[in-house]
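1. Quick one, what's the 3D model for this:
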Amino acid sequence: MFTGIIEEVGTIDKIEKGSQSAILRVSCRKVIDGTRIGDSIAVNGVCLTATSIGNDGFSADVMDETVRRSSLSDLRSGSRVNLERAMPADGRFGGHIVAGHVDGTGVIRDITKEEMAVVYRIGIVKSRQGDGHDSGDADLLRYVVQKGSIAIDGISLTVAEVDDTGFSVSIIPHTISQTTLHEKRTGDIVNIETDIIGKYVEKLIGNNSISAIPSAFFGRLSGSTEKAEEFLAENGFY
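-> Residues are numbered from 1 along each chain as shown. Below is the predicted model of the structure:
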């Protein structure tokens with residue numbers, strides 16, 4: 001598990017691409033301190049396993065599924081990446097629960113400077129096939145909540161606004177300077193991991209129950225308490 005607090009910005013030294021996988025060699029210093037082979041390191045929000053560790057970096061394998069769902073396929077030698085070691089049991093929880101399992105990608109639609117922050121507008125993109133085309137995965141926006149948590153390239157951020165096509169985040173200068181965000185431009189692709197809590201809730205109570213709650217539940221609230229309790233019981237809440 002990660003928290004979305006970036007520890008270091010590393011550099012891609014080398015990428016060895018296979019037919020359905022790749023090996024990344026990442027140059028860094030801080031995140032290899034105390035790290036052993038087999039430990040997890042998040043690279044732009046993607047949880048990877050360190051397969052070798054040297055004095056100035058580490059290597060990790062990237063599987064086909066990871067390539068399809070993330071922007072790692074866009075990396076080149078010299079690309080800068082956000083890095084975070086897995087959270088230790090006695091660590092400080094500075095961000096939010098980040099699994100390192102990227103849901104899909106987004107594209108930066110707009111970058112606007114404000115007095116004390118910079119607003120990034122992100123449009124949701126479907127997970128990409130190996131040929132770069134959309135895979136048709138379900139829309140991720142149903143998991144994006146205003147004032148909720150979201151990870152962009154592994155960075156724990158708070159959602160400012162949401163609409164039918166994307167969302168925005170307002171980011172302070174410190175976060176921008178300590179991550180790869182200061183290098184991002186309009187049109188760049190970023191990794192998205194939505195808040196894991198919403199996905200578990202949806203799975204446990206069922207998609208149909210969730211979609212029925214807003215209209216049906218609030219409609220019954222105008223009636224008796226017994227009717228509201230009956231509705232909740234029918235949908236598994238009692």
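2. Tally up the residues packed near Gly18, please.
-> Residues near Gly18, counting by other CB atoms under 10 Å, number 10. Quick note: C-beta positions are derived from backbone N, CA and C, even for glycine.
3. Oh, that last question was meant for Gly104, not what I typed.
-> 23.
4. all strands for this structure, in order.
-> Listed in chain order, the strands of the chain (DSSP state E) span 8-17, 21-27, 40-43, 46-54, 57-63, 80-85, 104-113, 118-125, 149-152, 155-162, 166-171, 189-194.
5. chain center to the first one: distance?
-> Right, the one you point to is strand 8-17. 19 Å (CA atoms, centre = their mean, to the nearest Å).
6. That strand: which residues count as buried?
-> For strand 8-17, the neighbour count (16 or more other CB atoms under 10 Å) marks 8-10, 12-13, 15 as buried.
7. Quick check: the two most widely separated of the residues you listed?
-> Glu8 and Ile15 (19.1 Å; CB to CB).
8. what sits against the closest residue in space to Asp188 that isn't next to it in sequence?
-> Excluding the flanking residues, the one nearest Asp188 by CB to CB, 6 or more residues apart in numbering is Ile108, at 5.0 Å. Counting by CB atoms under 8 Å, 6 or more residues apart in numbering, Ile108 touches 120-123, 184-188, 190.
9. same question, Val162
-> 141, 144-146.
10. again, 7 Å this time
-> 141, 144, 146 (CB atoms under 7 Å, 6 or more residues apart in numbering).
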